[in-house]
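Visitor: mind looking at a prediction? Sequence and model below.
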Amino acid sequence: MTIHARTVSPATRGPSLDRRLFMQGAGGLTFAVALGLPASAAEAKRVDLSPWVTLATDGTIMIRGPAIEMGQGSRTSLPLIFAEEMDADWSKVQIVRAAPIDAVYGNPGFGGAMYTAGSSAVTGYYKALRQFGAQVRMVLLDNAARHWNVPITELTTEPSVVVHKASNRRLGYGEIAAFAEVPAKAPEVRESDLKDPSRFRLIGHDVMRVELPTKINGTADYAINLKLPGMIYGAVLRTPVPGDTPATIDDTAAKAVRGFIQTVPLPYGVGVLADSTAAALAAKDALKVTWARKAKGWGFDSEKGLKEFAAAARDPARPSKPWETAGTGAAALATAASVHEAEYACDFAYHAQMEPLNAIAAVAPDGQSCGLWVGTQSQTMAVTATANTLGISPDKVAFHEHLLGGGFGRRGPRDMEFVVDAVLLSNAVKKPVKMVWSREDDVRNGRFHPLTAHHMRAGFDASGKLIAWHHRKAADIVTEFQDPVRYQKAGQKDFIGMLGAELKTYGIPNRQVDQITMDSGMRTQALRGIGFGPNKWAVEVFLDELALSRGADPLAFRLDLLKDAPRARAVVEKAGQMADWGRKRDGRGLGVAYIDYSGTQIAGVVEVSVDRANGQIKLHDVWIAMDCGVAVQPDNIVAQTEGCVVYGIGLALSERITMVDGEVQQSNFYDYLIPRMRDVPPIHVELIVTQNHPTGVGQMATPVIAPAISNAVAALTGKRLRHMPMTPDRVLSVLKA
Amino acid sequence: MSIAFRVNGRQVTADADPESRLLWYLRDQLELTGTRYGCGSGLCGACMVHVNGERAFSCQTTLRDIADKSVTTIEGLSPDSSHPVQKAWLAESVPQCGYCQSGQIMSAADLLAKTPNPTRDQIVEHMSTNLCRCGTYPRIVKAIERAAREA
Ligand code: FES
Ligand code: FES
């Protein structure tokens, strides 16, 4: 076999696996490779010592899972992609959590960071893990060929076995590991060396997610369940608005709580320590704290704020940042034969992951090292936040990854404030501290999907062709608050807030999307659907209004605009067929929406009725058609999509955070209403499986739901809902208007 | 004050405030952490257990409430995940993040104990007590139907 020498040159470092493969031979085989971005000298050293895969002589294959697990399944699906190309026997695979090292385990499709977000795990790691798996298989083949003294071309593999058909000999991967020699240079793998998809045994074939058995018997290892020797419990009362500080602290009543240990003043609030979670939360609730009221957010009122946002979006004199421009942009409106205009809005919304935020930290007596146990969307950001808080280097943080009881974006802010809470409390007493937010803390300290106002204009030419599009969106800059580091790296582009406002597939020649940046002083963050939520709400409802203004069928209108996007057309057509679009229903309306979500093509149709007495929208069916390219785990993709729909129903109909004088008004599931089983209609999902590179699935259906519902209500009643969520009071007032 | 009760067949004598909540006693004292904290207010069902064979929100149940009673948690539902509801849950790949699922399973087991062949409407009515933010509801329905069939 020819082994090509590879060198690492920065110029060739791209998302592909154009990197060194490191291997060692002691006690089986270990394989390492750096997937992240260029490492520092110190990190480069750790690369050598940080395996991706270990093949033991008994045939056990340990594969590192670089993505955290929050229910989306990538703890299983990433190692499975590797195992596919290695041709591993899945029953011999053990998945081990990867150490927090970006340079080794970072997502090549996500800036090289260990950051499970943006539905980017499978799409970002896919190519690299396939190539890496194929390289490891080649090393095993090469060793078997030399062992038997036969040409490598006569060898094939079956799961975890190398086979020489001509002599009817077989060698298990574990047997090979016992004698294998590691080549000095890693074998080169070309695209053509990868498996043809028709030979996939794992990709496209459902396997059980590895952690599933722990989720039916109570043993799943969320950080909130952990108890360490000598551990005490903490809770934190935070300033209602970001950036403020406590002015006065009265902890008299807190001290009277049985189990209270001590109060810990913090820069942004007040912590309490106690001998149980219940006592810590009770003592925290008993604190009386006044605030300095120096931060920007005091005085902010979300209802008034939205009016200001809307005025800013409407005001052409208001300066804006360009997001997308095509053709002659908004200038083309001047040449249009007719111009349409409409305004849309979205309220703040809350993640409501079922496991409230929590973390356990154990700062050493000398303050120079720290153990950390947490469910986080970024292992390395959690480590960095801990190190920065204590002024120690990241290698002094012993990080322990846990399952997440839901993420949806909430567990991924750069500052990891819930980790810092635990670290500061532990640092005050140099003992292990489990810090838990109550549900009320989790709501009030939420980092929300932003308040947004959209001013839309579009123009048709004399022949009725849609030729101009102008979307002005006013909102806080989400990226700057959530992740100042990436915000600067991205040249101060608010990609978290703005993604989804662009129109990649619709054939509208002249387009312009502008962002008007507001500053409410509130906390904002990516939430399932990210920018696509508010942006596609405005886009897909406006398109529907445009269709109706021409007397066109909304589905046919979209298909027409998608002439040059066959994959997009296919999902829209499919969703229409599934819903039997053309069939009129008595007292019911159908609405459609379509999204190109980072390459995933998705369309949805909903069937609704409206109770005109109380304004309640009732959903009867939801149909979703989706093309995410290669479907790595099809049933899991369907499950994710069902979950996305349920999440989308909540955002569409009932979920709403309001603020008065900077303070969040909601506190628990009685005033922040997320869908219950009775709110969810039958959901029908069909995948259109193509051989395109796999794209994301974890949030793509969520933003489809709200616009589809507004469009269905319009089809049924002729009235247009333009403010999300479409609560009964809003529905009633629109119906009466 | 000490209060005696049984948990998963084991006799427990709690030396604790009788007004303290069963949820935290289970989690922090007995280390039965399959019972989850979600809202603390009887709104989400993550903390669902059985008390004398009936489902109950452990966050709303005081130790006084369960004196001399018998509590079953997810850990005691079966010794080896063999309860028909647990088996159906795996067969339908219900859990996503999994955090709510102990409570869902305890609610479903309670439903099937009383109503071995529930209609879809009965399932929806009963299970609307339990929130699942991951949106596993469609699969919960299928799993309950399966458990009813296969029990
Ligand atoms: S924690 Fe008991 S109902 Fe939510
Ligand atoms: S599985 Fe995540 S909340 Fe239900």
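Guide: Sure thing, it's come through. The structure displayed is predicted, hence computed values, not measured ones. Ligands and ions are numbered 1, 2, ... in the order given.
Visitor: using the three-state scheme, assign A:Asp560.
Guide: With DSSP: H, G, I helix; E, B strand; the rest coil as the basis, A:Asp560 sits in helix.
Visitor: burial count for it?
Guide: The burial count assigned to A:Asp560 is 16, neighbours taken as other Cβ atoms under 10 Å in any protein chain shown. Just so you know, the C-beta spots here come from the backbone N, C-alpha and C atoms, and that holds for glycine as well.
Visitor: any idea how far it is from A:Gly464?
Guide: Separation of A:Asp560 from A:Gly464 (Cβ to Cβ, to the nearest Å): 10 Å.
Visitor: near ligand 1, which residues of chain B show up?
Guide: Contact residues, chain B versus ligand 1 (Cβ under 6 Å from any ligand atom): B:37-40, B:42-47, B:57, B:59.
Visitor: just put those in CSV and tack on distance to chain A.
Guide: Shown next, in CSV, are the residues of chain B next to ligand 1 (distance: Cβ to the nearest Cβ, whole Å):
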residue, distance to chain A
B:Tyr37, 7
B:Gly38, 5
B:Cys39, 4
B:Gly40, 6
B:Gly42, 9
B:Leu43, 4
B:Cys44, 6
B:Gly45, 10
B:Ala46, 6
B:Cys47, 11
B:Phe57, 12
B:Cys59, 10
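Visitor: in chain B, where is pLDDT below threshold?
Guide: Along chain B, the model assigns pLDDT under 70 to no residue.
Visitor: for chain A, what's its nearest residue on chain B.
Guide: Per Cβ to the nearest Cβ, B:Gly34 is where chain B lies closest to chain A, at 1.8 Å.
Visitor: read off the pLDDT value for the residue of the stretch 401-550 of chain A found nearest ligand 1.
Guide: Nearest residue of the stretch 401-550 of chain A to ligand 1: A:Arg439, at 7.5 Å (Cβ to the nearest ligand atom). Listed pLDDT for A:Arg439 reads 98.
Visitor: now the stretch 451-600 of chain A against chain B: closest residue?
Guide: Nearest to chain B in the stretch 451-600 of chain A, going by Cβ to the nearest Cβ, is A:Arg528, at a distance of 9.6 Å.
Visitor: which SS class is that residue?
Guide: Three-state call for A:Arg528 (three-state DSSP): coil.
Visitor: that one against A:Gln699, yeah?
Guide: Yes - counting by Cβ atoms under 8 Å, A:Gln699 is a contact partner of A:Arg528 at 4.5 Å.
Visitor: need the residues touching each of the two.
Guide: Listed as contacting both A:Arg528 and A:Gln699 by Cβ atoms under 8 Å, 6 or more residues apart in numbering or on different chains are A:408, A:644, A:647.
Visitor: what helix or strand does the second one sit in?
Guide: Take DSSP states H and E as the rule and A:Cys644 turns out to sit in helix A:634-653.
Visitor: just checking, what packs against that helix?
Guide: Secondary-structure packing of helix A:634-653 (3 or more Cβ pairs under 8 Å, 6 or more residues apart in numbering or on different chains; DSSP states H and E): strand A:616-627, strand A:683-687, helix A:702-717, helix B:137-150.
Visitor: Three-state assignment for residue 104, please.
Guide: Since no chain was named, I'll use chain A. Using three-state DSSP, the structure places A:Val104 in helix.
Visitor: that one and A:Ala32 touch, don't they?
Guide: Yes - A:Val104 is within contact range of A:Ala32, at 6.8 Å (criterion: Cβ under 8 Å).
Visitor: out of those two, which sits in the busier spot?
Guide: A:Val104 (27 against 21).
Visitor: would you mind getting the angle between the longest helix anywhere in chain A and helix A:634-653?
Guide: Determined from DSSP state H, the single longest helix within chain A is helix A:121-148. Helix A:121-148 and helix A:634-653 are oriented at 170 degrees to each other (axes from the mean of the first three to the mean of the last three Cα atoms, to 10 degrees).
Visitor: ok, helix A:121-148 near chain B or not?
Guide: No - Helix A:121-148 lies apart from chain B when judged by Cβ under 8 Å from any Cβ of the partner chain; the minimum separation is 14.7 Å.
Visitor: thank you kindly, that will do.
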